[in-house]
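Student: predicted model and sequence below, questions to follow.
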Amino acid sequence: FLLWANSMAALQLAIIALVCTCAMSQVILMKPGQSYPAGFTESQVSRPVRDFTLPTSTSLVSAANNSNIVFLGGPLSQLMTERLKQKIDQLASLVQTYFSGFFRLAVFEGYLPPIPDFTQNYANLSLQYEGRAARLGLVPAPGRTTQSTEEYVGLLGGLAILAYFDWVSMTNASQIYVSVIPSTCETKVDLVFLLDGSSSIGASNFQTALAFVSQVTSYFDIGPDATQVGVATFSGDLSWVSQNTSIWPNCPNNTLFEYHLDTAVDGTRIPASFGCICQFKQPCTGGCRLGQMVNSTGQLETLFFYTHSCSTCVCGGAPFPAVFPAFQLNTFNNAASVQNATSRVAYPLGNTLTSLGLQYVRETMFTTANGARPLSAGIPRVLIILTDGLASPGYDPTVQADLLHADGVKVFSIGIGNFSSSQLIAMASEPITQHVYALSAFTQLYDIVGRMSALSCDASAPLRPGWFIERSLDDSAVFFNLECYAFSANFTLTLITFTGASSMYVSSSVTTPGQLRYDFRTATNASVQILNYPATNTSRTYVAVEAMAANTRFRLYAANQLISLSASTFSIAESAATGAVVVPASTYRSLVGTQLQYELYTIQGSLMISPFVINASTGQISVNGVLNFEAISFYSLLVVARSVLIPCMADIKPINVTILNIDEAPVFSQTSYSATLNSFLAINSTLLRVNATDPERLSVTYSWAPSSTLAPFLSLDPLTGWIRIATYNGLPNPDTLTSSVIASDGVNTVSATVVIVVNLPTTSTTTTTTTT
């Protein structure tokens, strides 16, 4: 029996080995301690753990319905994010195929519940606490007795790579550890792809680049109120055009300084030249000459050129296009349209005019006219640039990249093949380890799809002292990087939540801080949260605002500590005239030795036009409009004190102004009322009505002025202001009678004029009928 059993086990192993040998020729055999992708940490690939996820969270689903998976970690190990479930289901299917039914996939440990009373920061916690990681292995399938080996687990790791887990690690001889990025991007991004379309890319590789764009964008919810996507390519004319003005002697833009010896192409002698060469097919005036030159494809081109001694020579004509926009951020408002347009992007060919591509993105694509949301909306602007080589001479990307960085754009640079490391680093945002990707082949783009998707989603928007960011969130987090960090003045971060609930986390090293990874945090999720954060000359500052409820709307602003106030609450009467001082200049005390410039904002639920004005040099605040206690009795002001020498250093101080009520007299709707009496109306008939309202909304009563000439003939209702016929006896006819009517709120009175033109018929008898 033992001999038979050993023979069957050996046969099973032989079958598995045969299947694995035939089917796994493309599968990586991992070893204990190895991880994929190599050269990266899990946090770089799958994004660090930020928060504990509750087992009741809607972000978790159950994988219990897959009969090809054995959950050895109990019911909780069946919980995971949708993306992890998809990958584990796919891996379980691969296990069945590649191991010919001898094994089933085992989940030894999956989701882990929150740790009670956890207070550590920067703990190296597993992504299992977010349901994004699991520890996996192999167990014999029902009716099988074959046991797992180190080689089989190594093959399981290779299958996990085929299943496109974002991170795979063989922890020991019996288990692998896998993790994934978050299932979807829950925030908004303005995302632009800039693709190198130069001739060295090649048509096949260019299609691979477009497939990469499609796969990354599929991770996002596309729409005008979600993530927006734009795509452009850059290349350039093949005729040696340059914008390099640093070579002596200088040549103008759209020309190239060129010197070469005599040469020959196909037996044709090309004499030596020394001068400025015009762009291909451009005219030239002022004494130019025609010549021939070998272009980058090895062909002869006829070009205009002129020697440096020709001061009147000028190249003319429009430059050959260097940037080809496929579509702008606001061109398409759904994923299907973006995917379709991406697949049809043309391959332009040409040189590598990198700087012009970056310039176009900055000046044209990241503009509100083409769909970019304003920086005050707190929506990250992300650029992913993909290139395969060194920029053409005169088109170094450094200057344009610096301008993009200054505009708050997060730049990811991907180099493939024969790229320039220094140019990739120059283009990329900080930290470089997250924003530079060096690949040896275009096929490796598929390996970084998940990483680029998650990092683009988690990109931080710029937050500068003196800015106001207003956003809405639904149970998610947004990230900001505090700019102007390299100064010693401390920061104050203020978070105001209007609806819902939110918390704030701050870190100097973690770009996506959260409840598990932070340096500072606000203690509560109160409606107003203020955090004083010490700045250093070397640290960067990253801020996260996390919504704790749906429909959360907040305002965030940062401030350097540049001034102090002797008072923050002031009052002024509603009757104050324009120019009246509300906040004197002596209120402010500068804490730094730099000149300050003041700005004023009025907050009444949102930024609004102010009835006040501030002196930009002194900070004095004065009345600049009509104050009305009955309309608005209280103003919340924000004073921004900005450094003149360093504009990105700014302080923000709240100031409250109470409007004092002045008891005002009623106001008539008209200054004068009139009517004509040209027929005999019935006694008590209404003739006209006067009307006055009180600013304090008090009751108004009406009366005739003393010695009124109208009082003997017309009655005035004290409550309604209706004037009626009382009698015709003694009424002058014809005549014009004028009198004053008085409105009173019990304290103050005001008068208006009433004019009655009497022109009654003289042949009729006065009627005495009373109307009801």
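Tutor: Yep, it's here.
Student: make it CA atoms for all contacts and neighbour counts henceforth
Tutor: Will do.
Student: give me the contacts around stretch 131-148.
Tutor: Residues from elsewhere that reach stretch 131-148, judged by C-alpha atoms under 8 Å, 6 or more residues apart in numbering: 9, 12-13, 53, 60, 79-81, 83-84, 101-112, 126-128, 153, 156, 174-182.
Student: repeat the analysis, applying 6 Å as the threshold.
Tutor: 80-81, 84, 102-111, 127, 175-180 (C-alpha atoms under 6 Å, 6 or more residues apart in numbering).
Student: which residues of the stretch 101-250 of the chain fall in helices?
Tutor: 150-162, 203-217 (DSSP state H, counting those that start in this stretch).
Student: do you know which of those helices lies nearest residue 610?
Tutor: Closest approach to residue 610 among the helices of the stretch 101-250 of the chain (C-alpha to C-alpha): helix 203-217, 42.3 Å.
Student: now that closest one: buried residues?
Tutor: 203, 206-217 (16 or more other C-alpha atoms under 10 Å).
Student: likewise stretch 156-176?
Tutor: 156-171, 173-176.
Student: contact partners of it?
Tutor: 27-30, 32-36, 87, 91, 135-137, 150, 177-180.
Student: which of those residues fall in strands?
Tutor: Judged by DSSP state E, strands contain the following of those: 35, 36, 135, 136, 137, 177, 178, 179.
Student: endpoint to endpoint, stretch 411-420 covers what distance?
Tutor: Taking C-alpha to C-alpha, to the nearest Å, stretch 411-420 runs 16 Å from one end to the other.
Student: could I get the average pLDDT for it?
Tutor: When pLDDT is averaged over stretch 411-420, the result is 89.
Student: cool, stretch 372-387 as well?
Tutor: Here the average pLDDT along stretch 372-387 is 93.
Student: do the same with stretch 313-331
Tutor: 79.
Student: where along the stretch 51-200 of the chain do the strands fall?
Tutor: When secondary structure is read from DSSP state E, counting those that start in this stretch, the stretch 51-200 of the chain shows strands at 61-62, 69-71, 79-80, 103-109, 133-140, 167-170, 176-179, 190-196.
Student: phi and psi next, for the most centrally placed residue in the chain.
Tutor: When C-alpha atoms, centre = their mean is applied to the chain, the residue found nearest the centroid is residue 379 (0.6 Å). Dihedral pair for residue 379: phi -100, psi 120, per degrees, to the nearest 10.
Student: and it, what does it touch?
Tutor: Residue 379 sits next to 189, 461 when contact means C-alpha under 6 Å, 6+ apart.
Student: what's in contact with stretch 207-216?
Tutor: 339, 449, 453.
Student: separation between the closest residue to residue 443 other than its chain neighbours and residue 433?
Tutor: For residue 443, ignoring the flanking residues on the chain, the nearest one in space by C-alpha to C-alpha, 6 or more residues apart in numbering is residue 208 at 7.2 Å. Relative to residue 433, residue 208 is positioned 24 Å away (C-alpha to C-alpha).
Student: kindly report the same for residue 276.
Tutor: Taking C-alpha to C-alpha, one finds residue 276 at 41 Å from residue 433.
Student: between these two, which one's more packed in?
Tutor: More crowded of residue 276 and residue 433, by other C-alpha atoms under 10 Å: residue 276, with 29 against 12.
Student: are we agreed that the more buried one is in a strand?
Tutor: Yes. Counting by DSSP: H, G, I helix; E, B strand; the rest coil, residue 276 is found in a strand.
Student: partners of it in the sheet?
Tutor: residue 257, residue 306 (DSSP bridges).
Student: that one and residue 288, how far apart?
Tutor: 10 Å.
Student: quick one: common contacting residues for the two?
Tutor: 305, 306.
Student: got the phi/psi numbers for the closest residue to residue 540 other than its chain neighbours?
Tutor: In space, and not counting its chain neighbours, residue 540 is closest to residue 508: 5.1 Å by C-alpha to C-alpha, 6+ apart. The phi and psi torsions at residue 508 (degrees, to the nearest 10) take the values phi -100, psi 0.
Student: correct me if wrong: residue 508 contacts residue 534.
Tutor: No. Here residue 508 does not reach residue 534: they are 10.4 Å apart, not a contact under C-alpha atoms under 6 Å.
Student: more neighbours: which of those two?
Tutor: For the pair residue 508 and residue 534, the greater number of neighbours falls to residue 508 (19 against 12), based on other C-alpha under 10 Å.
Student: tell me the spacing between the more buried one and residue 518.
Tutor: Counting by C-alpha to C-alpha - residue 508 and residue 518 are separated by 8 Å.
Student: which residues of this structure fall in helices?
Tutor: Using DSSP state H, the helices of the chain run over 2-23, 42-46, 82-98, 150-162, 203-217, 335-343, 354-360, 398-406, 421-427, 432-435, 449-457.
Student: could you give the bridge partners of the residue lying closest to residue 335 once chain neighbours are set aside?
Tutor: Closest residue in space to residue 335, ignoring its immediate chain neighbours: residue 222 at 5.3 Å, by C-alpha to C-alpha, 6+ apart. When assigned by DSSP bridges, residue 222 has beta-bridge partners residue 227.
Student: and what of the one 10 residues further on?
Tutor: Using DSSP bridges, the beta-bridge partners of residue 232 come out as residue 194, residue 325.
Student: which residues touch it?
Tutor: 194, 324, 325, 326.
Student: show the low-confidence segments of the stretch 501-650 of the chain, by residue range.
Tutor: Per-residue confidence for the stretch 501-650 of the chain (pLDDT under 70) gives these ranges: 535-539, 604-609.
Student: where's the closest residue in space to residue 542 that isn't next to it in sequence relative to residue 491, distance?
Tutor: Spatial nearest neighbour of residue 542, chain neighbours left out: residue 481 (4.5 Å); criterion: C-alpha to C-alpha, 6+ apart. Here residue 481 is placed at a distance of 13 Å from residue 491 (C-alpha to C-alpha).
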